[in-house]
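# how would this look folded up:
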Amino acid sequence: MIYRCVALFSLVVLAACGGSEDPTSPPGPTAVATVSVSPTTVDMIAGDTEQLQVTLSDATGVTLTGRTITYASSSGAVAAVSSTGLVTAVGAGSATITATSEGRSGSTSLTVEWAAFAPRAATTLSGTNTFASVSVPDGVEITVTGDASLVSVGDLSISGAISGDCGELTVSGATLTITGTVSNVCSTSGSADLHLISTGDLTLTGAVLASSGDVRITNDETLSDSDFDPMMLVAGVAARAATGQMGTCTISGVVPVQGGVSKAPDGTTGDDGSDGGNWRLDCNGDVDIDGNADITGGTEIDTPDAGDGGDVNDGDVTDPSNTDGSRGAGGNGGELRIRATGNVNFSGTSSNPTRILLADGGDGGDQVDIGDGPGVSASAIGGSGGKSGTFSARANGNINIANAGGLEIVVGAGGDGGDATAVGIDGLPAEDGGSATATGGDGGETPDAQLRAQGNVTGSGNITMSGGKGGEANANAGAGGDGTQADKDGGDGGAMVARSGTGGDAGGADIRGGEGGNGWDGCSVNPPEAGGKGGKGGDATGELGLPGFGVNSGAGGTVTVGAATGDGGNGGDGDATGLGGDAGADNISAGAGGTRVDEGPNFRDGVAGNPCPNFTVDSSGLPTDFSHIVGTTSCPQAIGTITLTNNSRSQSLTWTTSTAPPLAVAGSTSGSLEPGGSVTITVSVDCSQSTSFTETLQLSVTQAGTTTPQSFTIAGTVG
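Reported below is the predicted structural model:
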């Protein structure tokens with residue numbers, strides 16, 4: 001019994017131990033043991049792609065499938081890899097692409113080089129484009145859009161053309177050689193800078209460089225102002241010498257550095273014009289400029305001339321920030337600058353010189369102001385002209401002008417000052433006329449060209465320069481109004497102030513108007529009253545700007561003074577005569593070298609009025625000829641009248657008439673008149689028989705012991 005129990009217990013234990021296993025379950029997946037990537041090394045060109053192949057194996061070497069694989073690049077700047085293992089070469093350098101699955105990894109090594117860029121047909125680029133080398137052959141144009149860079153790790157040469165579209169354009173290479181065209185021009189408005197950069201030699205031979213903005217040329221981007229500052233000789237220039245020069249910057253042939261760009265944008269109403277673009281060459285090494293090299297900043301092919309200031313015409317609404325309501329100033333011409341850590345060498349000759357033509361300053365805007373109503377004054381100010389472009393050459397070594405006359409620097413013209421026209425309005429009756437103040441803008445300055453070297457400046461050059469013409473000033477003041485019965489004196493004429501601008505040629509001035517009003521005519525009423533006094537003529541101040549001085553001195557201006565300008569008004573007639581008005585003050589000066597032109601007599605005192613006559617005879621009712629047919633009317637026939645009026649306040653008068661047939665005076669032929677009295681004398685003709693006649697009617701008036709005879713001739717026919 002005891003044995004059987006033990007046996008049963010053993011069976012139960014065995015059953016409990018083996019009950020958790022299912023003999024039908026499949027085995028688990030085999031783990032990834034190795035990751036193999038092919039190819040193991042890849043040489044690529046930037047921009048190319050390569051599809052990687054990855055093999056997964058278990059510990060026994062069996063290939064595994066259906067497993068997740070991830071990819072990574074050690075340098076995104078060199079190569080990028082997709083989730084499927086497609087590698088894209090981005091930039092020159094080395095990178096490792098790693099494939100990983102279930103914690104196991106494999107990799108491949110990449111070497112990427114830049115591609116050479118040598119297009120044979122028109123090509124469009126955008127953004128940053130880097131190549132091993134760049135060669136744009138003659139006849140091929142590369143168009144770049146937006147802000148863009150064309151970078152060559154090696155040499156870069158352009159015999160064809162590169163054209164930007166008004167974005168910032170940078171062209172750089174280890175060496176830079178341009179014999180073709182690089183253009184970055186805005187078709188309407190805007191500023192588009194152009195950067196030409198090398199790290200070695202830089203050569204412009206017959207190149208055409210066009211930009212609507214600044215042009216910057218350098219073979220060392222690290223150069224700064226301190227490298228050319230005489231105060232930094234030890235710390236700056238000496239340090240440059242220790243590191244060695246980068247290369248030589250050579251300019252030869254005709255180089256219109258701003259081809260096709262004539263002018264920066266003008267200002268709109270009352271706004272300033274834009275400044276012209278700058279052209280700057282900084283060279284770590286020598287700058288060699290051969291003869292017949294035109295570095296221009298002037299007109300057709302140039303750094304753009306500065307924009308003109310905006311005009312302001314009468315009634316224009318200007319920008320609220322323009323608090324004086326005046327016209328815009330002309331923009332300044334740009335800077336043309338050459339700097340070298342070595343020497344600057346000019347090797348032109350007098351017959352084939354290097355010519356540096358600088359930009360013109362923009363003209364100042366004109367302003368016209370007309371008074372808003374009777375007697376309202378006006379004031380106008382012309383905008384200042386902008387400065388012409390500047391030129392400077394600086395060398396840490398020497399500046400060498402090899403041959404006499406081999407360097408010609410033509411400084412651009414300073415912008416003309418804006419014209420100012422002010423028109424004061426005539427006064428209402430007995431009121432003053434409006435004054436007029438016009439100030440022409442000053443012409444722009446023409447800064448001196450500067451040649452500065454740490455060593456010597458040798459040779460000779462020619463410099464021509466011309467300042468901007470001063471602005472014209474036109475002041476036309478209103479006349480004073482004539483007196484009235486209620487306010488007998490005439491109004492004063494408006495004052496005139498005209499100041500023309502200073503410039504290379506002085507501006508001119510035109511001054512006219514400002515006549516005093518005439519006094520009221522006291523004889524126009526009965527009984528007469530005192531005449532009014534004439535108004536004072538307007539004072540006039542005219543100042544011509546001085547001509548500029550330079551190699552060629554400017555001309556003086558011309559001040560033109562209109563006839564009757566500043567005349568006093570005439571006194572009015574009356575029983576007490578009005579005095580003539582005083583002439584305005586003539587403070588007009590033509591200045592040094594200027595000319596004054598008077599269009600007629602002016603600044604004259606007014607003439608006093610005349611006494612009223614003590615009597616007046618009105619014969620307007622008397623015909624000078626007469627015809628009549630016998631028997632058509634009763635005879636004698638009245639043919640007209642004469643009215644005699646005694647205008648005296650205190651003296652009586654007597655009168656008599658006489659004539660011959662067929663004329664007769666109807667009624668009394670003589671009589672007397674008390675002060676203020678009048679009489680009408682009727683003249684008749686005897687029409688009873690045919691006749692032709694020419695007879696005289698005599699009227700004699702005696703007053704205060706003086707007899708005044710008057711005669712009236714009448715011709716007629718009776719038939």
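# rest of the way, CA atoms for contacts and neighbours
OK.
# residues contacting residue 643?
Going by CA atoms under 8 Å, 6 or more residues apart in numbering, residue 643 touches 617, 618, 619, 678, 679, 680, 681.
# and if we set it to 6 Å?
617, 618, 679, 680 (CA atoms under 6 Å, 6 or more residues apart in numbering).
# need the helices for the stretch 501-650 of the chain, in chain order.
In the stretch 501-650 of the chain, no helices are defined using DSSP state H, counting those that start in this stretch.
# Any stretches of it with poor pLDDT?
504, 548-554, 592, 628-633 (pLDDT under 70).
# again, only using 80
For the stretch 501-650 of the chain, the stretches flagged by pLDDT under 80 are 501-507, 526-528, 543-556, 590-593, 613, 624-635, 648-650.
# most surrounded residue in the contacts of residue 643?
Taking other CA atoms under 10 Å as the neighbour criterion, residue 617 ranks highest of the contacts of residue 643 with 16 neighbours.
# and residue 562, how many neighbours?
For residue 562, the neighbour count with other CA under 10 Å is 18.
# Relative to residue 600, how far out is it?
Per CA to CA, to the nearest Å, residue 562 is found 7 Å from residue 600.
# In strands, which of the contacts of residue 643 fall?
The strands, defined by DSSP state E, take in 617, 618, 679, 680 from the contacts of residue 643.
# what's the nearest residue to the second one if we skip its chain neighbours?
Counting by CA to CA, 6 or more residues apart in numbering, the nearest residue to residue 618 once its immediate chain neighbours are dropped is residue 643, at 5.0 Å.
# What's opposite the one you found in the beta bridge?
Beta bridges link residue 643 to residue 618, residue 680 when assigned by DSSP bridges.
# can you give me the helices in the chain?
For the chain, applying DSSP state H gives helices covering 2-18, 238-243.
# Which of those helices comes out lowest on mean pLDDT?
Per-stretch mean pLDDT for the helices of the chain is lowest at helix 2-18 (a mean of 36).
# would you turn the ones in strands among the contacts of residue 643 into a markdown table with distance to residue 29?
Formatted as a markdown table, these follow (distance: CA to CA, whole Å):
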| residue | distance to residue 29 |
| --- | --- |
| 617 | 144 |
| 618 | 142 |
| 679 | 149 |
| 680 | 148 |
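# Kindly check the end-to-end length of stretch 569-585 for me.
First residue to last in stretch 569-585 (CA to CA) measures 14 Å.
# What's the local residue count around residue 581?
Quick note: residue 581 (other CA under 10 Å) scores 31 neighbours.
# Residue 425 versus that one, what's the distance?
20 Å.
# And residue 213, by the same measure?
Taking CA to CA, one finds residue 213 at 46 Å from residue 425.
# Check residue 559 too.
Distance of residue 559 to residue 425, given as CA to CA: 22 Å.
# again with residue 650
44 Å.
# Excluding sequence neighbours, find me the nearest residue to residue 616.
Using CA to CA, 6+ apart, the nearest residue to residue 616 is residue 645, at 5.3 Å.
# Contact partners for that neighbour?
615, 616, 677, 678.
# buried subset of those?
615, 678 (16 or more other CA atoms under 10 Å).
# would you list the contacts of residue 645 in a markdown table and tack on distance to residue 136?
Below are the contacts of residue 645 laid out as a markdown table (distance: CA to CA, whole Å):
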| residue | distance to residue 136 |
| --- | --- |
| 615 | 104 |
| 616 | 102 |
| 677 | 110 |
| 678 | 109 |
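# biggest separation within the contacts of residue 645, which pair?
616 and 677 (11.0 Å; CA to CA).
# Under the pLDDT cut-off, which ranges of the stretch 1-150 of the chain? List them.
Scanning the stretch 1-150 of the chain for pLDDT under 80 picks out the ranges 1-28.
# If we use 70, what do you get?
By pLDDT under 70, the weakly predicted segments of the stretch 1-150 of the chain are 1-27.
# tell me the strands in it, going along the chain?
34-38, 41-45, 49-51, 53-57, 63-64, 70-73, 79-81, 86-89, 93-101, 104-113, 116-117, 123-131, 133-136, 141-152 (DSSP state E, counting those that start in this stretch).
# Break down the stretch 351-500 of the chain into its strands, ranges please.
Along the stretch 351-500 of the chain, the segments classed as strands by DSSP E, counting those that start in this stretch run 354-357, 367-370, 378-381, 390-395, 399-401, 407-410, 420-423, 436-439, 450-453, 457-458, 461-464, 473-477, 496-499.
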